[in-house]
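1. sharing a sequence plus its predicted fold:
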Amino acid sequence: MTEETMTLEVTRYRPGHDREPRTQSFTVPNRKDWVVLDALNHIKDRIDGTLTYRWSCRMGVCGSCGMMVNGVPKLTCAAFLRDYRSGPIRVEPLANFPIIRDLVVALDDFMDKLRRVKPWIIRAVEKPVSDGEYLQTPAQLDAYKQFSMCINCMLCYAACPVYGLEPAFLGPAAIALAYRYNLDSRDEGYRLREPVLSEAVGVWECTFVGECSVVCPKGVDPAAAIQRSKLAGATDWLLSMIMPWGSRR
Amino acid sequence: MTVPRVERPGLFYPKLPATWWLRNANYFRFMLRELSSVFIALFLVVFLVQLHRLSQGPGAYAAYLETLRAPGWIIFHVVALAFALYHSVTWFNLTGVVQVVRLGERQVPPRLVAGASFALWAVVSVVLLWFLLRG
């Protein structure tokens, strides 16, 4: 019995050779238990070893294998071939990012933005290790837990037309992570993150398209984080106008 | 504010086409939501002119009302009303996401927040209708 096959239309781009990306079609086995990443691995192992893409864990945790699958940002390790019937499936690099080669995009911009929002616990005064952990109640954990599930896969940036039109925009994941630490009862870094969030290309650049939250593979709601940060920023500003002597947070 | 991006040689920088909002239904609905503000602004201009005519006396006001009875104006008002309703519904739905309401340690579900907003909207509308139609 001949095996069922499927066509994958894959973006190819060789820096220094190609002026712009082109599409190459590959025929791959259409197996029920295969995901798009399996098909790409099949191409690399059996058909064309020069195909370049990122992947690591193959289980939706590392956030490396994000690509556009039929125009939608997806983790390719979680996109089953069977969900696309008989194909063809279009596999492209994540939208809105510069392409380095084939399906690999440049991460520098996102990494810089991530660093700028200081996504770690900041304390005014660190207590010594001998004093024990910073304790937290279940309710305090619940306050930020959803936003801590981010795996930095950047699908939200690929879904965001604002980022596509204005690459300086801080973007969904970076703001969601800033918000996550601002909500953390152990954190005291609100004042340090606020100037970055309230820049013109910070939270206020967002027009609430909401697609970032739709495509997030981990159920984070970056759109909500951004709008709530706007509300917090605006409330702060209002309070500072009414009570300039008051200390906030 | 557009900050020019420093483009590195060798990389390919994709450009978002002007038709990006036709790519999926959510983008399209977002554009409709943005467009709704144009119709609401136009309606407000018409309304301000109406108030201005009212200040000029009963004759001027009656003449303006006659103008508004033209089919073109009626179509405009129906379209503006549809956009105003769409804008209001999407606004209240998003309120539940943006406004975190807490009761003690528990967060009130966003749907309930949106539901309460809709209920308040309905009550205010009924009160206004009663005020306008009581004769």
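-> Nice, thanks for sending it over.

2. for the chain, what spans make up the helices?
-> Picking chain A for this. Using DSSP state H, the helices found in chain A span residues A:36-42, A:108-116, A:138-145, A:155-159, A:161-165, A:172-183, A:190-197, A:211-215, A:222-242.

3. to clarify, I was referring to chain B.
-> Counting by DSSP H, the helices of chain B are B:25-55, B:58-68, B:71-98, B:110-133.

4. looking at those helices, which is nearest to residue A:74?
-> Distance to residue A:74, taken as CB to CB, is lowest for helix B:25-55 among those, at 15.5 Å. All C-beta atoms are positioned from the backbone trio N, CA, C, and that covers glycine.

5. now for residue A:52, how many residues are close by?
-> The burial count assigned to residue A:52 is 16, neighbours taken as other CB atoms under 10 Å in any protein chain shown.

6. next, the closest residue to residue A:53 other than its chain neighbours: phi, psi?
-> Excluding the flanking residues, the one nearest residue A:53 by CB to CB, 6 or more residues apart in numbering or on different chains is residue A:103, at 3.9 Å. With angles defined as degrees, to the nearest 10, residue A:103 sits at phi -110, psi 10.

7. sorry, back to before: now mean neighbour count too, for the helices of chain B, in a markdown table please.
-> As requested, the helices of chain B are arranged in a markdown table below (neighbours: other CB atoms under 10 Å in any protein chain shown):
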| stretch | mean neighbour count |
| --- | --- |
| helix B:25-55 | 14 |
| helix B:58-68 | 12 |
| helix B:71-98 | 15 |
| helix B:110-133 | 12 |
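
8. Serialize those to TSV and add fields for distance to chain A.
-> Listed next are those as TSV, based on distance: least, CB to the nearest CB, whole Å:
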stretch	distance to chain A
helix B:25-55	5
helix B:58-68	33
helix B:71-98	4
helix B:110-133	8
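
9. tell me which of those lies nearest to residue A:200.
-> Checking the helices of chain B against residue A:200 by CB to CB gives helix B:25-55 as the closest, at 18.9 Å.

10. for that closest one, packing partners?
-> helix A:211-215, helix B:58-68, helix B:71-98 (3 or more CB pairs under 8 Å, 6 or more residues apart in numbering or on different chains; DSSP states H and E).

11. and the spatially most central residue of chain A, backbone torsions?
-> For chain A, the residue sitting closest to the mean C-alpha position, by CA atoms, centre = their mean, is residue A:154 at 2.3 Å. Backbone torsions of residue A:154, given as degrees, to the nearest 10, read phi 70, psi 10.

12. near chain B, which residues of chain A show up?
-> Listed as neighbours of chain B in chain A under the rule CB under 8 Å from any CB of the partner chain: A:13, A:15-16, A:18, A:20-21, A:71-72, A:95-100, A:106, A:139, A:142, A:161, A:164-168, A:200-201, A:207-211, A:214, A:221, A:223-224, A:227-228, A:230-231.
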